[in-house]
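Chemist: Please work out how this folds:
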Amino acid sequence: MERDGDQLSARPTLETEGLRFLHVTVGSLLATYGWYIVFSCILLYVVFQKLSTRLRALRQRHLDQAAAALEPDIVVKRQEALAAARLKMQEELNAQVEKHKEKLRQLEEEKRRQKIEMWDSMQEGKSYKGNTRKPQEEDSPGPSTSSVIPKRKSDRKPLRGGGYNPLSGEGGGTCSWRPGRRGPSSGG
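Modeler: Numbering: from 1, shown residues only. Coordinates of the predicted model:
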């Protein structure tokens, strides 16, 4: 019986030492790496959630494709809708091309008409610039175009001031010429 008593008394001390050892090691581990463990657990949870939603979507897509492959009516409808959309887009493109071609034809016709007018005015002895102002002068009554000299607009603002002289070195702002360095070029 004494052996049984020794074993009973020895057993709790071993258990308490084991619990104490476990408490110390786990406590020191949590004290040292606790925040890293918490953040790692949070990160694993977030990654798991993201992956699970993607896996669900992937499975659903796979099931939809399998179901669509089994139903030929759906495949045919999809292909018809795709062909109709392509045809509509092609028609819109063709309409845009026709508009562009018509615009180019009009521009070519306008250029051709201007060349003809210029040739006619040159045959009559008029200048081309006078010809461009001819439609405006035709509307206004007055003497013939050959005797009228167009007046220059006096309300135009001059590009530079009257006292500007590029050789004087004034008024140029930050642009000023400076001679280059004397001596040998860089290198040695």
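Chemist: For the protein, which segments count as helices?
Modeler: Counting by DSSP state H, the chain has these helices, from start to end: 2-70, 72-124, 128-132, 134-139.
Chemist: So which of the ones you listed is the most surrounded?
Modeler: Among these, the stretch with the highest mean neighbour count (mean count of other Cβ atoms under 10 Å) is helix 128-132, at a mean of 14. C-beta: built from backbone N, CA, C; applies to glycine.
Chemist: now that one: mean pLDDT?
Modeler: The average pLDDT for helix 128-132 rounds to 53.
Chemist: can you list the domain ranges for the protein.
Modeler: Structural domains of the chain, as assigned by the TED database, span the residue ranges 11-69, 71-124.
Chemist: In terms of mean pLDDT, which of the ones you listed ranks lowest?
Modeler: When the domains of the chain are compared on average pLDDT, domain 11-69 comes out lowest at a mean of 87.
Chemist: related to what we said a few turns ago, got the domains of the chain as JSON lines, with distance to Arg156 columns?
Modeler: Conversion of these to JSON lines gives the following (distance: least, Cβ to Cβ, whole Å):
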{"stretch": "domain 11-69", "distance to Arg156": "69"}
{"stretch": "domain 71-124", "distance to Arg156": "26"}
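Chemist: hang on, the earlier thing: may I see the helices of the chain organised as a markdown table, with distance to Trp177 added?
Modeler: Formatted as a markdown table, those follow (distance: least, Cβ to Cβ, whole Å):
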| stretch | distance to Trp177 |
| --- | --- |
| helix 2-70 | 66 |
| helix 72-124 | 44 |
| helix 128-132 | 38 |
| helix 134-139 | 46 |
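Chemist: among those helices, which is nearest Pro179?
Modeler: For Pro179, the closest of those is helix 128-132, at 45.1 Å, according to Cβ to Cβ.
Chemist: which one of the domains of the chain lies closest to Asn165?
Modeler: Closest to Asn165 of these is domain 71-124 (Cβ to Cβ; 39.6 Å).
Chemist: circling back to that earlier point, closest one to Asp155 among the helices of the chain?
Modeler: With distances scored as Cβ to Cβ, the stretch of those nearest to Asp155 is helix 134-139 (18.2 Å).
Chemist: For Gly163, which of the domains of the chain is the nearest?
Modeler: When the domains of the chain are compared for distance to Gly163 using Cβ to Cβ, the nearest one is domain 71-124, at 40.9 Å.
Chemist: Alright, that wraps it up for me.
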